[in-house]
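[1] 3D, please:
(one chain, ligands or ions: 1)
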Amino acid sequence: MTSTMQTASGERIEELQQMAGEHLFMHAAQTNDWRGSLKIFEKGEGVWVEDIEGNRYLDAMGGLWYKSAGYGRREIADAMYQQLLAIESPPAGSATVSQIELSAKVSELYPDHGARVFFVSGGSEAVETAVKMAKKHRALNGNAGAFKVISRRNSYHGGTAMAVSLGRNSAADPMGPEMPGAIHVANWNSYRLPYAGDPVDVAIKCANEFETAIIHNDPSTVAAMIAEPVSAAAGIQIPPAEYWQRLREIADKYDVVLIADEVITGFGRTGEYFAPSNWDVQPDITTVAKALTSGYAPLGAAIATKKIADSFVGGPNETFKHLITFGGHPVAAAAALANLEIFERENLVGNSRRMGDYLFDQLQRLYDHKSVGDVRGGLGLLAAVELVQDRESKTPFPTDAGLAKKLPKLLDERKIVSFRAGDVIALCPPLSITPDEVDFIVSALDDTLTALEADLGIS
Ligand SMILES: Cc1ncc(COP(=O)(O)O)c(C=O)c1O
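    As a prediction, this is how the structure comes out:
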């Protein structure tokens, strides 16, 4: 690793732990769970990170689902610095070259090259933007009463109030009544099918729940339907092609705006720049964030197809009255441009496909462990291993088996960075990963499961 930072002294580490313990809010984490033992990282290169004590880990989660170009890309840092030297942010009502070029680059990569891009600061804002855009689009096209939004239970669309209403997920505090007009249907689950039957038929049945909800709620009042192409919140759930194809048909039939929430899957994670391309589907609006800059700067976007975007070109009435002060910050835009240049030069999307296939293939050997119920993946570099107490009945481990505490510790001992590993171990490594690094992850998981099963008395 090239950083010039020195490993901190024991005294300094103690001081930092104390400051964090007293003053830092870690997101969605219980202070008592990390106080005194917070992981503090100082260096990163490729898929590897080094903590303040000099321990080296492979980040199998790519930050929080975003480190697609990997750590330590100097050219991204240089591009950000150059933007700061030129002009760090433009006067009100104007733009920088980086913002304009990025909008054109994103549209070039997007299947609809006539797309228009609304930049924001992250995924939740992208979702808020997409939903507002969908509602106003419907209003501008003769449906001023269309305010309802259909989403899936146990999904995740962000931490802001409206996004939480859409996600209906225990990972976020609900904080009182949901957004008026939030309607929920079943999420897709390939391991525990929501209905009995052939998976493709069940997927179509799940998609049809959107249609039932539209009919029951009066189609003229429904603005949008939103879903993640691959749901990470539901444990890396990859639907058959027919699921999104059916969503597209339903949206067309009722003139409802179809939003693909690609905050995790956008920019190559599934082996295509945009996940619905795997199924030949074009959504109306796509939300992106994380991998757009590979986490080098906070940036998100709602990408509107030309059809949607053109509704907003006209007079004062058509103006999209939506403003986020730091949305599309020029320094973040410069980071994104440099990041996407790396994507193209190194063919990271192709590597996502190739290494995703290799990872999925290698993970199959984990079925030798009795606790492994399901291995999911095979659509780019997003995979999951689901553990169960009983493979036949798919019975989960009881909470008092302590997986949520034991697994992160065992993975940590084997130098793997994980996130919320428990019944499901999710994998989302940088797209630049090599076969040797995939092997490192899989053998660490193998060892981890051997140790876990010994601890739980499984033989
Ligand atoms: C699918 C999806 N949508 C939206 C969000 C919210 O993004 P952010 O945390 O950047 O606000 C996330 C975050 O993980 C996400 O996974």
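[2] okay, Ser170: pLDDT?
    The confidence metric pLDDT takes the value 85 at Ser170.
[3] That one: how many residues sit nearby?
    Ser170 is flanked by 9 other residues according to other CB atoms under 10 Å. Bear in mind the C-beta positions are built from the backbone N, C-alpha and C, glycine included.
[4] count of neighbours near the residue in the stretch 201-350 of the chain that the ligand sits nearest to?
    Residue nearest to the ligand within the stretch 201-350 of the chain: Val263 (3.5 Å; CB to the nearest ligand atom). Val263 has 28 neighbouring residues, counting by other CB under 10 Å.
[5] ok, the closest residue to it other than its chain neighbours - contacts?
    With sequence-adjacent residues excluded and distances taken as CB to CB, 6 or more residues apart in numbering, Val263 is closest to Gly123, at 3.6 Å. Residues near Gly123 by CB atoms under 8 Å, 6 or more residues apart in numbering: His157, Gly158, Asp261, Val263, Thr287, Val288, Ala289, Lys290, Gly300.
[6] what do you get for Pro430?
    So Pro430 contacts Gly46, Val47, Asp59, Gly62, Lys67, Ser68, Ala69, Gly70, Tyr71, Ser294 (CB under 8 Å, 6+ apart).
[7] can you rerun that using 6 Å?
    Val47, Gly62, Lys67, Gly70 (CB atoms under 6 Å, 6 or more residues apart in numbering).
[8] can you tell me how far the second one sits from Ala69?
    Okay, so that is Gly62. 10 Å (CB to CB, to the nearest Å).
[9] With the first one instead?
    Going from Val47 to Ala69 by CB to CB gives 11 Å.
[10] the more surrounded of those two?
    Ala69 (29 against 24).
[11] Now do the SS call for the more buried one.
    Following DSSP: H, G, I helix; E, B strand; the rest coil, we place Ala69 in the coil state.
[12] For it, which non-adjacent residue is spatially closest?
    Going by CB to CB, 6+ apart, Ala69 has Ser294 as its nearest residue, at 4.0 Å.
[13] isn't that neighbour right next to Gly70, touching?
    No: taking CB atoms under 6 Å as the definition, Ser294 is not a contact partner of Gly70, at 7.4 Å.
[14] Tell me which of the two has more neighbours.
    Ser294 (29 against 22).
[15] which ones are touching the more buried one?
    Ser294 neighbours (CB under 6 Å, 6+ apart): Lys67, Ser68, Ala69, Asn339.
[16] Let me see the confidence value for it.
    98.
[17] same thing with the one 10 residues further on?
    Per-residue pLDDT puts Ala304 at 98.
[18] Any figure for the gap between Glu211 and Ile183?
    12 Å.
[19] the more surrounded of those two?
    Glu211 (21 against 18).
[20] what's that one in contact with, if anything?
    With the criterion set at CB under 6 Å, 6+ apart, Glu211 makes contact with Ile250.
[21] in a strand, that's where it is, yeah?
    No: counting by three-state DSSP, Glu211 falls outside a strand, being helix.
[22] which residues does the closest residue to Asn217 other than its chain neighbours contact?
    Nearest residue to Asn217, sequence neighbours excluded (CB to CB, 6+ apart): Lys148, at 5.6 Å. Lys148 sits next to Gly181, Ile183, Asn217, Thr221, Val222 when contact means CB under 6 Å, 6+ apart.
[23] What parts of the stretch 251-400 of the chain come near the ligand?
    For the stretch 251-400 of the chain, the contact set with the ligand under CB under 6 Å from any ligand atom comprises Asp261, Val263, Ile264, Ala289.
[24] thought the third one was touching Ala232?
    This points to Ile264. Yes: shown here, Ile264 and Ala232 form a contact pair, counting by CB under 6 Å, at 5.1 Å.
[25] Of the two, which one has the most company?
    Counted by other CB under 10 Å, Ile264 and Ala232 do not tie: Ile264 has more neighbours, with 28 against 21.
[26] check contacts around the closest residue to that one other than its chain neighbours.
    Closest residue in space to Ile264, ignoring its immediate chain neighbours: Trp65 at 4.6 Å, by CB to CB, 6+ apart. Neighbour list for Trp65: Ile264, Lys290, Cys428 [criterion: CB under 6 Å, 6+ apart].
[27] check which helix or strand covers the first one.
    Put plainly, it is Ile264. Counting by DSSP states H and E, no helix or strand carries Ile264.
[28] Let's see the pLDDT reported for the residue of the stretch 201-350 of the chain closest to the ligand.
    The predicted local confidence for Val263 is 98.
[29] Go ahead and confirm it touches Leu292.
    No: using CB under 6 Å, Val263 is not in contact with Leu292; the gap is 9.3 Å.
[30] joint contacts of these two?
    Contacts common to Val263 and Leu292, judged by CB under 6 Å, 6+ apart, are absent.
[31] separation between the residue of the chain found nearest the ligand and Ala251?
    Residue of the chain nearest the ligand, by CB to the nearest ligand atom: Gly123 (2.1 Å). The gap separating Gly123 from Ala251 is 22 Å, by CB to CB.
[32] same question, Leu38
    44 Å.
[33] cool, Pro396 as well?
    Taking CB to CB, one finds Pro396 at 34 Å from Ala251.
[34] now do Phe119
    In terms of CB to CB, Phe119 sits 25 Å off from Ala251.
[35] Compare the two (neighbour count), which wins?
    More neighbours surround Phe119 than the other of Phe119 and Ala251, with 27 against 22 (other CB under 10 Å).
[36] show me the contacts for that one.
    Contacts of Phe119 (CB under 6 Å, 6+ apart): Ala301, Gly327, Gly328.
[37] And Ile183, how far from Gln245?
    Counting by CB to CB - Ile183 and Gln245 are separated by 22 Å.
[38] try Ala251
    11 Å.
[39] Look at Ser37 and say how many residues are nearby.
    8.
[40] Next, work out how far apart the nearest residue to it once chain neighbours are set aside and Ala336 are.
    Excluding the flanking residues, the one nearest Ser37 by CB to CB, 6+ apart is Gln17, at 7.5 Å. Relative to Ala336, Gln17 is positioned 34 Å away (CB to CB).
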